[in-house]
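**Q** sequence first, predicted model second:
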Amino acid sequence: MSGPGTRVRRRRKPGLPGVTAGETLLSWRKRKALQIHNALTSDPIDIDALRGAAVSEGGLLSQEIRRKVWPKLLNVNVFCLPPKPGAWVRSHRDYNQVEMDVRRSLRRFPAGMREAERAVLMARLVDVILYVLQSHPELHYYQGFHDIAVTLLLTAGPRLATAMLSTLSTHHLRDFMERTMDQTKHALDYLMPLIQRESDRLHDFLRRSEVGCIFALSWLITWYGHVLSDYHQVLRLYDFFLASHPLMPVYCAAQMVLMREPEVLRVDCDMPSVHQLLSNIPRDFPYETLISRTRSLFQTHPPHHVLASAALRTHKSISISSFDSLLASTSCQRPDFVLRRETAAGSQDGPRRSQNTLVKLAVWGLSASLGAAALAVTQSALEWGPELLLGLF
């Protein structure tokens with residue numbers, strides 16, 4: 001009972017005496033941010049802790065942290081980045097196709113962005129993609145590759161995005177970049193066996209509907225960037241995939257279908273009905289639950305168990321076979337402050353050149369930080385100034 005003079009107590013979070021729910025959330029974020037900082041400054045870097053942070057609840061928390069952690073997950077040295085691409089990259093055989101795809105990707109840029117700003121970013125995106133393709137002649141462009149590239153660009157700026165995209169292209173995305181779609185089809189072939197291992201009823205329904213796996217193709221080859229309208233949901237999934245096995249997007253697709261089993265079983269058992277339902281991912285889909293259950297699915301049914309099924313026995317994935325080497329390469333990285341000191345000490349052009357290099361790096365770091373923040377949060381032309389400076393280096 002309450003009345004005049006009654007003291008109103010602030011609601012406390014159950015199980016944590018004296019701590020409000022808001023205070024608990026804040027302290028949880030602070031603790032996680034501190035753990036990530038400690039992992040980044042360890043020598044060598046605690047890559048296992050960074051992967052754990054990326055896949056656990058909340059992911060990497062912010063764009064600032066992502067710009068520090070994503071390169072570490074891919075063993076990218078931020079002090080040894082590719083140069084600004086020159087006009088030579090536009091001689092690539094896929095230039096016209098890349099440019100058309102980029103022009104069709106307007107919705108991937110922040111709403112309200114000025115036309116001039118968007119035009120600069122689109123040109124940068126074309127150059128980032130073409131630089132990677134020119135640098136790796138064995139790679140073949142596919143429609144959807146630009147969706148992954150734009151996520152990296154909006155998060156990290158052009159030079160760092162180029163370096164990360166190059167590593168992803170030769171590892172996680174390698175199967176999609178073959179001359180034919182055969183390897184991509186093989187990756188999709190994991191989908192139905194995974195569903196069958198968890199639900200015979202759902203698997204039988206999907207088989208009778210003849211829906212196949214094509215509904216999940218764009219999910220897989222764009223890491224869901226093409227089908228999700230919420231940029232933060234895309235980033236959360238990228239945290240997860242960058243820290244995981246190359247097949248994790250397939251496991252994620254299987255788990256997404258499993259979580260929608262009641263909906264699927266209510267529609268008509270025919271290809272158009274099931275395809276339409278599965279192709280439209282609900283806007284309020286619980287992504288933290290999806291990630292948690294996908295991790296459990298992967299642990300319960302690892303790829304080598306699924307591979308034993310008859311349809312997959314001959315699958316030889318380049319992405320999977322190169323994953324162990326990527327994991328090994330990430331285990332002995334030095335923290336950025338050590339790399340920065342070594343970069344300065346190793347300059348061959350004297351103290352002045354070394355100092356100028358560090359100034360450039362400092363400006364680049366500030367530019368990338370402010371520019372990515374502007375991309376994600378504001379549409380102010382003033383905040384775009386530093387990002388445009390990136391093109392000078």
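**A** Looks like it arrived, so ask away. Numbers count the residues shown, from 1 in each chain.
**Q** S244 against S56, yeah?
**A** No - applying Cβ atoms under 8 Å, one finds S244 not in contact with S56, separated by 11.9 Å. C-beta coordinates here come from the backbone N, C-alpha and C atoms, glycine included.
**Q** out of the two, which sits in the more crowded spot?
**A** With other Cβ atoms under 10 Å as the criterion, S244 and S56 differ in neighbour count, and S244 comes out ahead with 22 against 18.
**Q** what's the helix or strand for the closest residue in space to P158 that isn't next to it in sequence?
**A** With Cβ to Cβ, 6 or more residues apart in numbering as the measure, R124 is the residue that lies nearest to P158, at 4.7 Å, once sequence neighbours are left out. Here R124, judged by DSSP states H and E, is contained in helix 115-135.
**Q** just checking, next helix/strand downstream of that helix?
**A** Using DSSP H and E, the helix or strand that follows helix 115-135 towards the C-terminus is helix 145-156.
**Q** what pLDDT, on average, does that following helix get?
**A** With pLDDT averaged residue by residue, helix 145-156 scores 95.
**Q** then stretch 68-76?
**A** If you average the per-residue pLDDT over stretch 68-76, you get 97.
**Q** quick check: buried residues in that stretch?
**A** Judged by neighbour count (16 or more other Cβ atoms under 10 Å), stretch 68-76 contains these buried residues: K68, V69, W70, P71, K72, L73, L74, N75, V76.
**Q** ok, now stretch 323-333?
**A** Of the residues in stretch 323-333, those buried under the neighbour-count criterion (16+ other Cβ under 10 Å) are F323, L326, T330, Q333.
**Q** can you list the domains in the protein?
**A** Segmentation of the chain into domains, based on automatic domain parsing, reads 87-177+349-392, 182-317.
**Q** ok, back up a step: how far away is the residue nearest to P158 from G157?
**A** 9 Å (Cβ to Cβ, to the nearest Å).
**Q** sorry, back to before: I'd like the buried residues of stretch 323-333 as JSON lines, with pLDDT, secondary structure and distance to Y142 appended.
**A** Shown next, in JSON lines, are the buried residues of stretch 323-333 (pLDDT from 0 to 100; DSSP: H, G, I helix; E, B strand; the rest coil; distance: Cβ to Cβ, whole Å):
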{"residue": "F323", "pLDDT": "92", "secondary structure": "helix", "distance to Y142": "20"}
{"residue": "L326", "pLDDT": "92", "secondary structure": "helix", "distance to Y142": "21"}
{"residue": "T330", "pLDDT": "92", "secondary structure": "helix", "distance to Y142": "26"}
{"residue": "Q333", "pLDDT": "93", "secondary structure": "coil", "distance to Y142": "30"}
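**Q** the stretch 201-350 of the chain: helices as residue ranges?
**A** If you assign secondary structure with DSSP state H, counting those that start in this stretch, the helices in the stretch 201-350 of the chain sit at 217-222, 231-242, 248-259, 261-266, 271-279, 287-300, 303-306, 318-330, 336-345, 350-377.
**Q** with the stretch 51-200 of the chain instead?
**A** For the stretch 51-200 of the chain, applying DSSP H, counting those that start in this stretch gives helices covering 63-73, 95-103, 115-135, 145-156, 158-170, 182-188, 191-198, 200-209.
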